[in-house]
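[1] Need a 3D model of the sequence below.
(2 chains)
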Amino acid sequence: MKIRAVLLMLVPVVILYLYSFLAPMALVGRLAFYSSDYVKSEFVGFRNFADAFRDKYFVKSFENSFWFILLIVPFKLALSYSVASFLTGFSKKIQSVGRFLLYVPSLTSGLIMTLIWAWFLRRDGLINQFLILAGLPAVPWLALSWTARFSVAMIIIASGIGMAVIIFCASMLSVPKELHDAALVDGASEKQYKRNILLPIMVPTILLVVLLQIVGVMTMWETIYVLTGTGGPGGSTASPVYDVFQTAFRFGKQSYAAAKGIILMFVIAGILLVKRQIEKFVT
Amino acid sequence: MVLRKLFISLLLLLSAFLLFAGGEREDVMKLTWVAGGKPHAFPEGVDPQGFPGVQEKVAADFENAHPGVKVTVLYRDVTQGSLTVDAMMARGEPPDVWLDAQGYFLKYMNDDYALRLDEYVDTSIYYDYMVEPFTKNGHVYALPQNNVAGGFAINLDMLKLIGYDMPEQPDWTTDEFTRLSKRLQAVGIPSTMISTMDGMHSWLWPWIYAFGGALFENQNHSKVTINTPEAIKGFEYMKMLVDEGYAYPYPNEQSQDTAVELFTTGRVFSSMMQNGHVNYWLPQQVAQGVIEKEFEVTFVEAPHEPGREHTPTFGYFTVAVAHKSDNEERNKMVAALAYETAVGKEYMYALCTVGGGFPTIKGFAPADGNAAKPMYKAIDQVRRNAGLMDLGALSPLSEELDRPWKPLVQAFIAGEISVQDMLNQYEAEAKQILAK
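    Residues are numbered from 1 along each chain as shown, chains lettered A, B, ... in the order given. Next comes the predicted model:
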């Protein structure tokens, strides 16, 4: 009776999950094997997938992701880990205030956040005004490939650090205090404790944050849409998800976009597998 | 036991709901009209009768005129695609009528999807050149609802400041524009604004067409015709304006929005613009304290190479498309809905007098509101005399053709590649796209 009641209570969630997640996934999977404009559909087998691998813009979006991962993940990781480590040294009240303040930007709409940054990054914007005051030349932040990439990375780091800090703080606070006390009693310094005891314990969390950041970079959308319009300059800021969006909704090729989406899903699943292997290896 | 009873009761309730509330009266024909991005404001002096926009008012009038028809008005801008419309298409319930600023429906402009409207309504009431682009194999698949055109906006106060008299319109040449640019430069005013940030939608094309260059010719969108000596002259002239410091700097960082901002704040002498933008933004800039008072503006033809007659301007049509079904009675009503509401005179009047668009029905010439303003009349004259550029908005591949364009033109403006390299590379990429 108890199990039946539980199953019955699960029914709405299962229906919702089937309706809003699994069914669309299955439809996307089917669409990827067709050439369709919704009125007429023609089965094309793996043609959409083959085209995607030959699509230089799609390939470039992964290359962009690689550069974004290099620009964003180490900085965000180091910054959020250091901040979390710093915060855990304070009382619970100060920790809460710190986490709240760092998390506030994550609550702001990505579109609004990017619009504000777009204003900062203009030729006559705030950042260039500071540069000019310091006697440096103004930088065309959004007109050149690398400055545009750097600008996107800056926004992602600044606006998304709060979540990583919260994850690290939660993980650090779950480490038994006795471990810390025992290390100090055994003569370890605070620095040695953090490097030789805390850091190895934190490895699974660090890997989780790295994975989340990589997935986040590959699925960036609104920052690129607002900041660089068409993923420019020269397609240097388009993420794979942005390319899928363009293919589906700008070029009206939904089935081709579905194939690209599935490829992206497998790439992310592959990254997850690599993360698991690394986790097994280091823990 | 209790749970089972509860489950059975819920099922019974759901069945009862579906039986009594979910049914649909068979004698009601439900039609859906995707009527643009938002409710359109009523012209001054017209009683809205409680309707939020003109679209609902004309839809209600249509329902009254055709008992047994229910029209649902949906507000979606489909210009860059619409998830709602895509979802409706995907579930096999496309909107019966939709408004489209040219581009999105083109792949559906065929007998599988669209009604041959000439078989249901009188399409001869519209200007022929507006119907022609939507005519295929002798049949009309869309009705032109609104024509939006722009022109070369110039600041007349700046001309007074330097004591420059504009030559008669057809005689305004690029050589003369260079001389004017020098005089404006002497008082610190950029003579124009060139942008490349919006790709193919950027404000640079008049300079290419001024020398006889053209992206497409004769509405043939199967190949680009931009790699010509005429186009090269145009690009070189445009770059000269930037390099000599006549034009506002950093075209690669400028968009259509910054063009509006720079012109309406009196920071450049000229820019391509829609009259609606100037009408709206000039008073706004005064209200926000950015400029002290409105300056005098008019629209002219962009300058052209000596020896040529005109530089065409930009413009596009919003059209109404009607969905074809297997039910002939429904088809008749859908065509009537498109004809009487979406492309009817009441809505068109609001579009012209509130929005500043141009009518598409022959002999229909609203003369109130924005349509009475000198700037409206000036643009009207420009589009009639100079014609419109064909930038491929009617090509189903126009958005894809835009993708390789932007990086190449930006590299050219930055001096990284020559104009010939830019055009060679673009032509090669465009060929690949168009060959698909």
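[2] Helices along chain A, start to end?
    Here chain A has its helices, by DSSP state H, at A:2-17, A:23-31, A:47-54, A:56-87, A:92-107, A:110-120, A:126-133, A:145-173, A:177-185, A:190-192, A:199-218, A:222-227, A:240-245, A:254-282.
[3] next one: the longest one to chain centre, how far?
    Relative to its chain's centre, helix A:56-87 lies at 8 Å (CA atoms, centre = their mean, to the nearest Å).
[4] Over to stretch B:243-262?
    Its chain's average C-alpha position is 22 Å from that of stretch B:243-262, according to CA atoms, centre = their mean.
[5] Please see if it touches chain A.
    Yes: part of stretch B:243-262 sits near chain A under the criterion CB under 8 Å from any CB of the partner chain, namely B:250, B:252, B:253, B:255. For every residue, glycine as well, the C-beta is placed using N, CA and C.
[6] which residues sit in contact with the first one?
    Applying CB atoms under 8 Å, 6 or more residues apart in numbering or on different chains, one finds that residue B:250 lies in contact with A:123, A:140, A:143.
[7] ok, and the most crowded of those residues?
    When neighbours are counted by other CB atoms under 10 Å in any protein chain shown, residue A:143 leads the contacts of residue B:250 with 22 neighbours.
[8] Pretty sure residue B:413 is one of the things it touches, is it not?
    No: the pair residue A:143 / residue B:413 is not scored as a contact, 9.5 Å apart, by CB atoms under 8 Å.
[9] Quick check: neighbours shared by the two?
    With CB under 8 Å, 6+ apart as the test, residue A:143 and residue B:413 both reach residue B:252.
[10] residue ranges with poor pLDDT in chain B?
    B:1-26, B:80-81, B:102-105 (pLDDT under 70).
[11] How is it divided into domains?
    Here the domain parsing of chain B from automatic domain parsing is B:23-148+B:316-381, B:151-312+B:397-434.
[12] Give me the subset of the contacts of residue B:250 that lies in strands.
    Among the contacts of residue B:250, no member falls in strands (DSSP state E).
[13] quick one on the thing from earlier: put together a markdown table for the helices of chain A, with mean pLDDT, mean neighbour count and distance to chain B on each row.
    A markdown table is the format used below for those (pLDDT from 0 to 100; neighbours: other CB atoms under 10 Å in any protein chain shown; distance: least, CB to the nearest CB, whole Å):
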| stretch | mean pLDDT | mean neighbour count | distance to chain B |
| --- | --- | --- | --- |
| helix A:2-17 | 91 | 10 | 6 |
| helix A:23-31 | 92 | 14 | 8 |
| helix A:47-54 | 96 | 16 | 9 |
| helix A:56-87 | 93 | 18 | 7 |
| helix A:92-107 | 85 | 14 | 25 |
| helix A:110-120 | 88 | 17 | 11 |
| helix A:126-133 | 93 | 13 | 11 |
| helix A:145-173 | 89 | 20 | 9 |
| helix A:177-185 | 90 | 12 | 46 |
| helix A:190-192 | 88 | 11 | 47 |
| helix A:199-218 | 91 | 18 | 20 |
| helix A:222-227 | 86 | 20 | 11 |
| helix A:240-245 | 93 | 23 | 10 |
| helix A:254-282 | 91 | 17 | 7 |
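[14] returning to what we had before: adding pLDDT and distance to chain B, write the contacts of residue B:250 out as a markdown table.
    Shown next, in a markdown table, are these (pLDDT from 0 to 100; distance: CB to the nearest CB, whole Å):
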| residue | pLDDT | distance to chain B |
| --- | --- | --- |
| A:123 | 83 | 5 |
| A:140 | 85 | 6 |
| A:143 | 80 | 4 |
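[15] quick one: which of these is nearest residue B:397?
    residue A:143 (26.8 Å; CB to CB).
[16] Please report phi then psi for the closest residue to that closest one other than its chain neighbours.
    Spatially, and ignoring its direct neighbours in sequence, residue A:143 is nearest to residue B:252 (4.4 Å; CB to CB, 6 or more residues apart in numbering or on different chains). Main-chain torsions, residue B:252, degrees, to the nearest 10: phi -70, psi -10.
[17] List the contacts of residue B:252.
    A:140, A:143, A:233, B:196, B:197, B:410, B:413, B:414.
[18] all strands of chain B, in order?
    Under DSSP E, chain B gives strands at B:29-34, B:69-74, B:97-100, B:135-136, B:139-140, B:143-155, B:270-274, B:297-300, B:315-322.
[19] Turn the ones you listed into JSON lines, columns for distance to chain A.
    Shown next, in JSON lines, are the strands of chain B (distance: least, CB to the nearest CB, whole Å):
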{"stretch": "strand B:29-34", "distance to chain A": "15"}
{"stretch": "strand B:69-74", "distance to chain A": "17"}
{"stretch": "strand B:97-100", "distance to chain A": "12"}
{"stretch": "strand B:135-136", "distance to chain A": "16"}
{"stretch": "strand B:139-140", "distance to chain A": "17"}
{"stretch": "strand B:143-155", "distance to chain A": "20"}
{"stretch": "strand B:270-274", "distance to chain A": "17"}
{"stretch": "strand B:297-300", "distance to chain A": "24"}
{"stretch": "strand B:315-322", "distance to chain A": "13"}
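[20] of those, which approaches residue A:173 most closely?
    Taking CB to CB, strand B:69-74 is the member of the strands of chain B nearest to residue A:173, at 50.4 Å.
[21] Just want the angle from the closest one to strand B:29-34.
    Calculated by axes from the mean of the first three to the mean of the last three CA atoms, to 10 degrees, strand B:69-74 forms an angle of 20 degrees with strand B:29-34.
[22] Leaving out chain neighbours, which residue sits closest to residue B:369?
    Nearest residue to residue B:369 in three dimensions, chain neighbours excluded: residue B:353, at 3.3 Å (CB to CB, 6+ apart).
[23] so what's the one you found up against?
    B:43, B:44, B:366, B:368, B:369, B:370, B:371, B:372.
[24] Buried subset of the residues you listed as a PyMOL selection?
    Here is the PyMOL command that picks out the buried ones among the contacts of residue B:353, judged by 16 or more other CB atoms under 10 Å in any protein chain shown:
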select buried, chain B and resi 43+366+369+370+371
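[25] and which of the contacts of residue B:353 is nearest to chain A?
    residue B:370 (29.2 Å; CB to the nearest CB).
[26] That closest one touches residue B:354, doesn't it?
    Yes: counting by CB under 8 Å, residue B:354 is a contact partner of residue B:370 at 6.6 Å.
[27] any idea how far the residue in the stretch 251-400 of chain B that chain A sits nearest to lies from residue B:433?
    Using CB to the nearest CB, the single residue of the stretch 251-400 of chain B nearest to chain A is residue B:252, 4.4 Å away. Distance check for residue B:252 against residue B:433: by CB to CB, to the nearest Å, it reads 23 Å.
[28] All good on my end, thank you.
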